[in-house]
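Engineer: sequence first, predicted model second:
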Amino acid sequence: MLQCEQKSPDQISGEIIISFPDGAQRQFNRGVTGFDIAQTISPSLAKRAIAVKLNGHLCDVMAPIWCDGTIEIVDRDHQDALGIIRHDTAHIMAEAVQMLYPQTQVTIGPAIENGFYYDFYRETPFSTDDLKQIEDKMREIMARDEKFVREEWERADAVQFFRDKGELFKVELIESIPGDEKISIYRQGNWLDLCRGPHVPSTGKVGTAFKLMNVAGAYWRGDSNRPMLQRIYGTAWRTQKDLDSYLHMLEEAERRDHRKLGKEMGLFHLQDEAQGSVFWHPKGWAIWIALETYLRKRLRDAGYQEVKTPQLMDSRFWEASGHWGKYRENMFVVPDVVPNTDEVGKIFKEDPKKFLALKPMNCPAHVQIFKQGIKSYRDLPLRLAEFGCCHRNEAHGALHGLLRVRQFTQDDAHIFCREDQIMDECVKFCELTKSIYSDLGFENYVIKLETRPEKRIGSDELWDKAEAGLEQALQKLGMNYTISPGDGAFYGPKLAFIIRDAIGREWGCGTIQLDFNLPERLDALYTAEDGSRQRPVMLHRAVLGSIERWIGIMIEHYAGKLPLWLAPVQVVVATITDAANEYAQSIVQDLKSRGIRAELDLRNEKIGYKIREHSVAKTPILAIIGQKEAENDQIVLRYLSQEDQLTLSRADALARISADTKMPE
RNA sequence: GCUGCUGUAGCUCAGUGGUAGAGCACUCCCUUGGUAAGGGAGAGGUCGAAGGUUCAAGCCCUUUCAGCAGCACCA
């Protein structure tokens, strides 16, 4: 955020022309403040103003304006207000912390999505108990209603000042500010901090709808080789109501946590001996199979052929693909030696001469399939799909339920095609992805174009061509996208599809990656129309990304209440009395023979108890069977979260359940 | 991997140096009950692991493993 644009000091008199958002223009004396201007509109607006936006730049209400421009008065309801409020709150927190813990050094404290943080350097870590005290102190500072005052200092003075105070991190920050920028300081009462601004007029205007959330470690300047700082996270909002609804959203996210629901619903578990790999239980695996069956159909319809490739391959293979050089730290490597069976001694009798690695990606293996026999231009585009089980040696701290695992299955495919087919294949992929996301209940997503990273293979000319290719496909589809520089894979640029879930969180899932490098490295060729040998282009693509992760996301998106066709148990047939057992059994048989996932509950419990238990377990359909139904060949259906129940003939009920549990076409 | 926090019954958790607890789940018995918890009884724990302090450790100390949050990594 920049301070007000300023002209040179010789232009301090005369008049300037200020335009307003409604198009009106008025003249003011040079050096007028945003507050003065707001005052001329209405005193109440001036009172409400927390900043002004001049020519698109936010500045303090009290900053003098030296040049012509368009002005917006920023009040609490303005879209930029929250960022300012959060940044102010961070400053107030920093003062509170230094009042309570004088040995603490301040570093940086920006506004972030949903709140703010401030990183401190202190020998003793903060505890969550400290947060309450800090909050109380912050409320005192707000009650004092100190003015935020901006000052501009000479660089040397600022360095001297902070060095004398022992604020060595601030000194480093000042020294890293480009030479032509002013050093601005904000003062609030006796406390001050290096800051670009802007700030609200005074600490009393920040508002008290804030809460300190948690404490965590964070590296100075995000560098794992530099000191670990103590970061305090807080959240701040315009109103108490907004704060409450944010806290409620967090509770909702916790309630939906797939690790918790997965346990409750008996879907899967994780255990120490297999960190980062999933034990799928029958019910969780039922979801997997339903999803995979659906994807197989979609892939087949889209012209893909399914393959399966080896799990363990020689290191020479990975050297050729480039993974050994660029990706090895993420791979599991196994020595190709017979283990020692003696109870004592070394695990291996001899030092290994050869190594095998578990595949972290499927791409090089698919190239091998492409290379078998001679391919013609008539074979292109050749689309090879695999539900490929990959292993990646992720850092312990990175593992997280199903969302970040070490063994995962990609809905992977590689399209081998000519350069002139790239556009068409990208377009087809984007359309397929959109349709699958829609079937699975994700209508909102954004696309990012991720370009060349620092660690990469291939010439700059190839990268230029690849990045341009993806961008053209997007433009042809008329899809909105943003560019994310340096985030591409080491072999090529990519499009990333980022979905938004039911409570607004974003997840990167689908991807299509353009690759001119691997076909060359692994020497893939086809025979062109003129008989010459040509390199195919390779498109790496996945719709869901990792199936494990996707199921985790779906559990949270649906809070466990998956669409009927994906539900692990679709119907529970529950009896009211033993007299109906035989009839109930025959219904379950009928359901199962129609491919419906049905269970039978004959337990000696009252029907109210059974209904409650299966409802809590999120069973979408309950079939209630009493003596009456057994006698009349009927079934009572009760759908989850619907009050009404339906009494249907057996045939009608079965037909209805079949229709409701059908997989999308 | 780094920083902090946590680790007690299948699950959720209580237990601040002196004989391990609750609710739910589980097993058995009674009950055959018509739409979100019927009643009774029982079983279940090397208190994450190893070492130490102490007459005495779930509790204090050290080491270690794992989980959680964030960072870094990754997509």
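Structural biologist: Yep, that arrived.
Engineer: mind jotting down where the strands sit in the stretch 101-250 of chain A?
Structural biologist: For the stretch 101-250 of chain A, applying DSSP state E, counting those that start in this stretch gives strands covering A:105-106, A:111-112, A:115-121, A:148-153, A:183-188, A:191-194, A:210-219, A:228-236.
Engineer: give me whichever of these is most buried.
Structural biologist: Of all the strands of the stretch 101-250 of chain A, strand A:115-121 carries the top mean neighbour count, a mean of 23, counting by mean count of other Cβ atoms under 10 Å. The way it works is simple: take the backbone N, C-alpha and C, and place the C-beta from them, glycine included.
Engineer: pairing partners for that strand, with directions?
Structural biologist: With DSSP bridges as the test, strand A:115-121 is paired with strand A:105-106 (antiparallel), strand A:111-112 (antiparallel), strand A:228-236 (antiparallel).
Engineer: dump the ones you listed into a markdown table; add mean pLDDT and distance to residue A:340 as well.
Structural biologist: Formatted as a markdown table, those follow (pLDDT from 0 to 100; distance: least, Cβ to Cβ, whole Å):
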| stretch | mean pLDDT | distance to residue A:340 |
| --- | --- | --- |
| strand A:105-106 | 91 | 54 |
| strand A:111-112 | 90 | 53 |
| strand A:228-236 | 91 | 41 |
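Engineer: could I get those as a markdown table with distance to residue A:129?
Structural biologist: Below are the strands paired with strand A:115-121 laid out as a markdown table (distance: least, Cβ to Cβ, whole Å):
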| stretch | distance to residue A:129 |
| --- | --- |
| strand A:105-106 | 21 |
| strand A:111-112 | 24 |
| strand A:228-236 | 13 |
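Engineer: quick one: closest of these to RNA strand B.
Structural biologist: RNA strand B lies closest, by Cβ to the nearest atom of the strand, to one member of the strands paired with strand A:115-121: strand A:228-236, at 4.2 Å.
Engineer: now do the closest one and strand A:210-219, the angle between them.
Structural biologist: 160 degrees (axes from the mean of the first three to the mean of the last three Cα atoms, to 10 degrees).
Engineer: got a list of contacts for strand A:228-236?
Structural biologist: With Cβ atoms under 8 Å, 6 or more residues apart in numbering as the contact definition, strand A:228-236 has outside contacts at A:82, A:85-86, A:89-90, A:93, A:97, A:107, A:114-122, A:125-126, A:131, A:134, A:206-207, A:209-220, A:243, A:246-247.
Engineer: mind running it again at 7 Å?
Structural biologist: Strand A:228-236 is contacted by residues A:85-86, A:89, A:93, A:107, A:114-122, A:125-126, A:209-220, A:243, A:246 when judged by Cβ atoms under 7 Å, 6 or more residues apart in numbering.
Engineer: now swap in stretch A:380-388 and tell me
Structural biologist: For stretch A:380-388, the surrounding residues in contact (Cβ under 7 Å, 6+ apart) are A:292, A:299, A:303-309, A:362, A:366, A:369-370, A:409-418, A:421, A:425, A:526, A:536.
Engineer: pLDDT of that stretch, averaged?
Structural biologist: Computed over stretch A:380-388, the mean pLDDT rounds to 96.
Engineer: distance from the chain centre to it, please.
Structural biologist: Centre-to-centre, stretch A:380-388 and its host chain are 27 Å apart (Cα atoms, centre = their mean, to the nearest Å).
Engineer: can I get that stretch in CSV, CA atoms only?
Structural biologist: The C-alpha trace of stretch A:380-388 is given here as CSV (Å, rounded to 0.1, in the frame of the first residue of the first chain):
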residue,chain,number,x,y,z
LEU,A,380,-2.3,-39.8,-32.6
PRO,A,381,-3.6,-38.5,-30.4
LEU,A,382,-2.9,-41.5,-28.3
ARG,A,383,-4.4,-41.2,-24.8
LEU,A,384,-3.0,-43.6,-22.2
ALA,A,385,-4.8,-43.5,-18.8
GLU,A,386,-3.8,-45.1,-15.5
PHE,A,387,-5.1,-45.1,-12.0
GLY,A,388,-1.4,-44.9,-11.2
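Engineer: which residues are in contact with residue A:494?
Structural biologist: The contact partners of residue A:494, by Cβ under 7 Å, 6+ apart, come to A:450, A:488, A:511-513.
Engineer: can we see that at 6 Å?
Structural biologist: Going by Cβ atoms under 6 Å, 6 or more residues apart in numbering, residue A:494 touches A:450, A:488, A:511, A:513.
Engineer: before we move on, what about residue A:119?
Structural biologist: Shown in contact with residue A:119 (Cβ under 6 Å, 6+ apart): A:107-108, A:218, A:229, A:231.
Engineer: just the buried members of the contacts of stretch A:380-388?
Structural biologist: Buried by 16 or more other Cβ atoms under 10 Å: A:299, A:304, A:307, A:309, A:362, A:366, A:369-370, A:409-418, A:421, A:425, A:526, A:536, out of these.
Engineer: out of the residues you listed, which sit inside strands?
Structural biologist: Mapping those onto strands (DSSP state E) picks out A:409-417, A:526.
Engineer: of all those, which comes closest to RNA strand B?
Structural biologist: Closest approach between those and RNA strand B, by Cβ to the nearest atom of the strand: residue A:410, at 8.7 Å.
Engineer: separation between the closest one and residue A:366?
Structural biologist: 12 Å (Cβ to Cβ, to the nearest Å).
Engineer: please apply the same query to residue A:637.
Structural biologist: Distance, residue A:637 to residue A:366, using Cβ to Cβ: 46 Å.
Engineer: list the neighbouring strands of the helix or strand residue A:16 falls within plus their orientation.
Structural biologist: Applying DSSP states H and E as the criterion places residue A:16 in strand A:15-19. Strand A:15-19 sits in its sheet next to strand A:25-29 (antiparallel), strand A:69-74 (parallel), going by DSSP bridges.
Engineer: show me the shaky parts of the stretch 1-150 of chain A.
Structural biologist: For the stretch 1-150 of chain A, the stretches with pLDDT under 70 are A:1-13.
Engineer: what residues does it have near RNA strand B?
Structural biologist: A:125, A:127 (Cβ under 7 Å from any atom of the strand).
Engineer: sorry, back to before: and residue A:260, which of the strands of the stretch 101-250 of chain A is closest to it?
Structural biologist: strand A:210-219 (18.8 Å; Cβ to Cβ).
Engineer: avg pLDDT for that closest one?
Structural biologist: Averaging pLDDT along strand A:210-219 gives 88.
Engineer: partner strands of it and their direction?
Structural biologist: Counting by DSSP bridges, strand A:210-219 is paired with strand A:228-236 (antiparallel).
Engineer: in terms of pLDDT, where does whichever residue of the stretch 551-665 of chain A sits closest to RNA strand B sit?
Structural biologist: Across the stretch 551-665 of chain A, the shortest distance to RNA strand B (Cβ to the nearest atom of the strand) belongs to residue A:626, at 2.5 Å. Looking at residue A:626, its pLDDT reads 95.
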